[in-house]
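Student: Task: produce atomic coordinates for the following.
(one chain, ligands or ions: 2)
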Amino acid sequence: MSSSLTFDRVSRMFGQSEVLSDVSLTVPARSLVALLGASGSGKSTLLRIASGLDAPSSGSVLVDGQDASAVPAENRGIAVVFQKPLLFPHLTVVDNVAFPARMAGVTRREARSQALEFLDLVQLGGFARRMPGQLSGGQEQRVSLARALAAQPRILLLDEPFSSLDSRLTDDMYELVGKIRAELEPTIVLVTHDRREASVLADTIAVLDEGTILQHGPVPELHYQPATRAVNRILGGLN
Ligand code: ADP
Ligand code: MG
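Tutor: Ligands and ions are numbered 1, 2, ... in the order given. As a prediction, this is how the structure comes out:
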């Protein structure tokens, strides 16, 4: 199950400063868009607005073409993985991953058995009984991802999930994203400030600069036909 996600003229003010200006972007169901931009360009704010953790000052978010503003965060079919893993420290790994299903009223036994499948998917089946404090940073990040997937989201929002990992782990994570797409087919918004990550993983790249989308298109188009010098600079071009 997968949904499209649309931002329709979304703006967000914090006091006097406009952090997002008239952002319009459609992410088709099952596709992966990389949201690429420098630190402070508004990437996390846009994800928070999509997930319902924050609301736009004007404009709207549509899921499958339906206005999501009246839909509470927990009912949008959207899961988020943050840059820093936020696991419950007092719960075992498997109970962390089982948490969304438990909240939805699934029995402990059933929730744990589902959780084990998602732990297998992220190749941490052998770590089910550990506590989060006994994991490496990369393992914690994969458990966070398993927990997000266990909520069976139709849209998965990844906020710089790889930025704190070393490069070898990052290669594993790249492979994992491919596996998730093949097996679960969620729509994915991947926030990153790493143009290589964006180019390798995404179907389309949306370049965000100071709260404005400069260009959105297929990866080759962004590389070969950058709309502006600023896009070229952000993608690492020569002029
Ligand atoms: P990014 O994720 O691209 O680094 P953010 O979306 O986190 O950018 O932030 C964009 C801008 O909005 C930054 O200048 C940040 O300081 C500001 N900002 C984000 N959240 C708040 C907030 N709750 N209150 C005031 N300013 C904020
Ligand atoms: Mg951010």
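Student: Show me what the helix or strand of the chain with the lowest mean pLDDT is packed against.
Tutor: Sorted by mean pLDDT, DSSP states H and E, the helices and strands of the chain end with helix 167-184, the least confident at a mean of 83. In terms of contacts (3 or more CB pairs under 8 Å, 6 or more residues apart in numbering; DSSP states H and E), helix 167-184 is packed against helix 108-121, helix 137-150, strand 187-192, helix 195-201. Placement of C-beta: from N, CA and C, glycine included.
Student: Dump the ones you listed to CSV, plus mean pLDDT, distance to residue 45 and mean neighbour count.
Tutor: Shown next, in CSV, are the helices and strands packed on helix 167-184 (pLDDT from 0 to 100; distance: least, CB to CB, whole Å; neighbours: other CB atoms under 10 Å):
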stretch, mean pLDDT, distance to residue 45, mean neighbour count
helix 108-121, 96, 28, 18
helix 137-150, 92, 19, 23
strand 187-192, 96, 10, 25
helix 195-201, 90, 18, 18
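Student: Of these, which is nearest residue 29?
Tutor: With CB to CB, the closest approach to residue 29 among the helices and strands packed on helix 167-184 belongs to strand 187-192: 5.4 Å.
Student: thinking again about what came up before, which outside residues touch the least confident helix or strand of the chain?
Tutor: 30, 32, 121-123, 138, 141-142, 145, 149, 156, 161-162, 165, 186, 188, 190, 197, 200-201 (CB atoms under 8 Å, 6 or more residues apart in numbering).
Student: tell me the SS of residue 13?
Tutor: What DSSP: H, G, I helix; E, B strand; the rest coil gives for residue 13 is strand.
Student: can you put the helices and strands packed on helix 167-184 in TSV and add distance to ligand 2?
Tutor: Below are the helices and strands packed on helix 167-184 laid out as TSV (distance: least, CB to the ion, whole Å):
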stretch	distance to ligand 2
helix 108-121	25
helix 137-150	15
strand 187-192	6
helix 195-201	14
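Student: Now residue 47. Nearest residue, chain neighbours left out?
Tutor: Distances taken as CB to CB, 6 or more residues apart in numbering put residue 157 closest to residue 47, at 4.8 Å, once the chain neighbours are dropped.
Student: Is that neighbour in contact with residue 80, as I believe?
Tutor: Yes - in this structure, residue 157 is within contact of residue 80 by CB atoms under 8 Å, at 4.5 Å.
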